[in-house]
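1. Coordinates only, no sequence provided:
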């Protein structure tokens, strides 16, 4: 049995298999519409995350399976002081696979250690969020056709944005990838990412302040939210925030085939006017999220081409 | 693709089709029990409304479809500042149709403008609640057999009661309908309803204070809740409240085939002793609500007699 | 039509049938995987209880049925002042069977009186919780093979623990059962249990203070949580709490085939080190809970061997 706690729990070849499977699902969803008949997914969301929860549930329903679970800790047994280890042992009797989201880093790992069903980390604090990373990768693979030879810009809050850290880690495993890290001084990528991932793998990268100057060179632009409360003072926030807002003017400076990704929800870091630009693929990305989760669910449940789950 | 934001989004002939379809479902529910197999309904409830949400969910399950969604804004991404427009674009990837309830008037319309799946307004503030109106109409059609030649009394809070306003609007499209509007002075039907609906369509109506005096003439009595907080002072409330409580004594003054409807939940405006009267059809009305929603869901998903959805 | 409000709503022979059915489901779950196709279970949880709710939902999904409902009163119509009687009448139109949990004792009984679908009490205040009792009985029957000739210890909070009271009541109907009631003075079994159940049925029992001394004689040890707030003062709590914690040292004094049960969630009354002991069957018990509920649901829906539900 296999769990997915971190994006790097899969080797590159396993990840390739997963993404290929997801693309096969995209091509022929009917073929997979009954693969999980009789199977149940438990969504254990100790903190609310509607988008992620519904994406998992849509994925399982698309596979012909059923769903049960909870959407916040209030309505769970946490209030009674039960440990995650105990909860997962009980849930193991109720479902065939589970997705867990928890405010505490490491909780999904603890769950996995005590579970007798596959556990998928659906986000744990500032830690990992592997299905978002698989979603991002599937979006790039499907729309760009490759991971190699790409210049990828990350823009906004690169300090606290875990989706950024995960995607940097995942893309660093491919050849000839270059990163442009676009952020205010206060929100630069943490040193350990640079030392332990970028430098170790000899990945070329630049740290810059201006989205406008960086955008012409990018094949992918990964936008993130810049939260006001991350700044040390109001002045800095007001001075800097517009710099990191993507609008049609900045889009006019970009390559014709650049893709704009965003993990969503967005607040105002991408102007609504950009939505109609065909390069803006963040809503398509949300759709890919369902396919990525479908592929992951059936992979963990032991699906092999041509053999039904039993 | 079609959305239902207001009850008048359907022409009379479309409404007739919808109600006929609902009556066919009532006659032979088995025939429809797999029509929505593989389809998903998202229930997006930004404010709780158990009855309405469960009615939609029961409807979709009766059709063989699946359900996903949220039951309050707390457990949704609203807290992160996402717009309804963005949410619906994401949900469009997760489901085939959605029902949205929102405390802000106009939110379902905004959703519809950005959605790539059919949107059903499940209530927006004091505005519209079209599926309640379809439910009311189905109840009248099925139990009374006609919309024409009816004297319909509305009793209670006619000022804020949106179900009253919607049903007045819907019934005003039929011939020879007469309204008796029974309420305290403070809770009379708003002027715009009288001017823009009743007067424009030359609908005869009376505004009266006494349920007791009005009841003998009614074919339909539509009861609503009189909320204490709507009154200007405690004295008025105490003086008036009993006037608008339906009990067996008042029922004894009514026609033998008068129907009592109520959108529910009721608090004390209908005495429990009335429940056993065969003319009290408000619980049956809740049942019709499921059939009305079944008919609406499959109509919006493109159902045509004899052709399965694909 | 039949409701289950109290564990003793079933005669011994009906209970035997239920447990036999549950054991048949354990042996061949596939046989039952479509018995409830097209049927809907409503879970009406006026107070959160994730474990119980998910156990019911897993049970219904295992039977091929569907689920709908709410997980806390906040998201229900209770806020609008609707009575349980009215709610259940509406729910009767939405589902085929329902499980109701309510903080007020007697609420499920009120629901049953007004329901046109079978009602299962899923816990009402300090009152009954019949499906927990059926779960406990199924665990004992399946793992011990008998109810007769057993010495059963109950340990911890025997005063407020409703699962204890219910199980004492249920086991008192069998022959040659003896109880050892292990608790601090403050948390002894209430007098009415002793007078109305134990004495009336001539059941031998002892009330003791020491788990350590009692454990060697037990065939079953039923552990419960000792809540700090039940004690009159902090001192007593600190002095007594360790006495009622089960650990490997105490387990070493027990019979080789003693079973440890616990209704869960546990906090610290069973040390985690005990979990690996094969006699610790509380997680298995949670699994049996699903089978017990499956058996109960189909029994109430009229299942007879060889005849599909219609």
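-> That came through fine. Since this is a predicted model, take the numbers as computed values, not measurements. Residues are numbered from 1 along each chain as shown, chains lettered A, B, ... in the order given.

2. Pull the residues that contact the helix or strand bottoming out on mean pLDDT in chain A.
-> Of all helical and strand segments in chain A, the minimum by mean pLDDT, DSSP states H and E falls on helix A:234-241, at a mean of 76. With C-beta atoms under 8 Å, 6 or more residues apart in numbering or on different chains as the test, helix A:234-241 has contacts from A:184, A:186, A:226, A:228, A:231. Placement of C-beta: from N, CA and C, glycine included.

3. moving C-terminal of that helix, what's the next helix or strand?
-> Counting by DSSP states H and E, the element after helix A:234-241 in chain order, helix or strand, is helix A:248-251.

4. What helices and strands are in contact with the very next helix or strand once past that following helix?
-> Helices and strands here follow DSSP H and E; after helix A:248-251, the next one along the chain is strand A:259-261. Counting by 3 or more C-beta pairs under 8 Å, 6 or more residues apart in numbering or on different chains; DSSP states H and E, the packing neighbours recorded for strand A:259-261 are helix A:130-144, strand A:220-223, helix A:282-300.

5. nearest to chain C, of those?
-> Proximity to chain C, assessed across these by C-beta to the nearest C-beta, is greatest for helix A:282-300 (15.8 Å).

6. tilt between the closest one and helix A:130-144?
-> Orientation check (axes from the mean of the first three to the mean of the last three C-alpha atoms, to 10 degrees): helix A:282-300 against helix A:130-144 gives 120 degrees.

7. So, low pLDDT: which residues of the stretch 51-200 of chain A?
-> Residues of the stretch 51-200 of chain A that meet the criterion pLDDT under 70 lie in A:74-80.

8. Quick one: the helices in it, in order.
-> Using DSSP state H, counting those that start in this stretch, the helices found in the stretch 51-200 of chain A span residues A:84-91, A:107-114, A:130-144, A:162-171, A:191-193.

9. Take those and write them to JSON lines, including distance to chain B and mean neighbour count.
-> What follows is the helices of the stretch 51-200 of chain A, written out as JSON lines (distance: least, C-beta to the nearest C-beta, whole Å; neighbours: other C-beta atoms under 10 Å in any protein chain shown):
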{"stretch": "helix A:84-91", "distance to chain B": "18", "mean neighbour count": "22"}
{"stretch": "helix A:107-114", "distance to chain B": "18", "mean neighbour count": "22"}
{"stretch": "helix A:130-144", "distance to chain B": "11", "mean neighbour count": "23"}
{"stretch": "helix A:162-171", "distance to chain B": "14", "mean neighbour count": "22"}
{"stretch": "helix A:191-193", "distance to chain B": "24", "mean neighbour count": "12"}
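
10. Surely residue A:197 is in contact with residue A:172?
-> Yes: counting by C-beta atoms under 8 Å, residue A:197 does reach residue A:172; the two are 5.3 Å apart.

11. shared neighbours of these two, which are they?
-> With C-beta under 8 Å, 6+ apart, residue A:197 and residue A:172 have common neighbours residue A:203.

12. sorry, back to before: looking at the contacts of helix A:234-241, spot the one nearest residue B:220.
-> The closest of the contacts of helix A:234-241 to residue B:220 turns out to be residue A:228 (C-beta to C-beta; 54.9 Å).

13. Okay, residue A:40 and residue B:136: tell me how far apart.
-> To residue B:136, residue A:40 is 38 Å away according to C-beta to C-beta, to the nearest Å.

14. just residue A:175 next, same as before
-> Distance from residue A:175 to residue B:136, counting by C-beta to C-beta: 65 Å.

15. Likewise for residue A:132?
-> If you measure residue A:132 against residue B:136 using C-beta to C-beta, the figure is 45 Å.

16. and residue A:194, how many neighbours?
-> Neighbours of residue A:194 under the rule other C-beta atoms under 10 Å in any protein chain shown: 18.

17. tell me the contacts of it?
-> Per C-beta under 8 Å, 6+ apart, neighbours of residue A:194: residue A:205.

18. And residue A:256, by the same measure?
-> The contact partners of residue A:256, by C-beta under 8 Å, 6+ apart, come to residue A:279.

19. tell me which residues in stretch A:240-250 are buried?
-> Going by neighbour count (16 or more other C-beta atoms under 10 Å in any protein chain shown), the buried part of stretch A:240-250 is A:240, A:243-246, A:250.

20. Nearest to residue B:35 among the residues you listed?
-> When these are compared for distance to residue B:35 (C-beta to C-beta), residue A:246 wins out at 43.2 Å.

21. nearest residue to that closest one other than its sequence neighbours?
-> Nearest non-adjacent residue to residue A:246, counting by C-beta to C-beta, 6 or more residues apart in numbering or on different chains: residue A:270, 4.7 Å away.

22. tell me the pLDDT at that neighbour?
-> Here the pLDDT value assigned to residue A:270 is 96.

23. Quick check: it touching residue A:248?
-> No: Residue A:270 lies out of contact with residue A:248 (C-beta under 8 Å); the separation is 10.5 Å.

24. quick one, strands of the stretch 1-150 of chain A?
-> Remark: strands assigned in the stretch 1-150 of chain A by DSSP state E, counting those that start in this stretch are A:40-45, A:66-70, A:97-102, A:119-124, A:150-155.

25. For chain B, which of those strands is the nearest?
-> strand A:66-70 (7.0 Å).

26. helices or strands next to that closest one in the packing?
-> strand A:40-45, helix A:50-62, helix C:50-62.

27. if I look at residue A:302, how far off is chain C?
-> Applying C-beta to the nearest C-beta, to the nearest Å, the value for residue A:302 to chain C is 18 Å.
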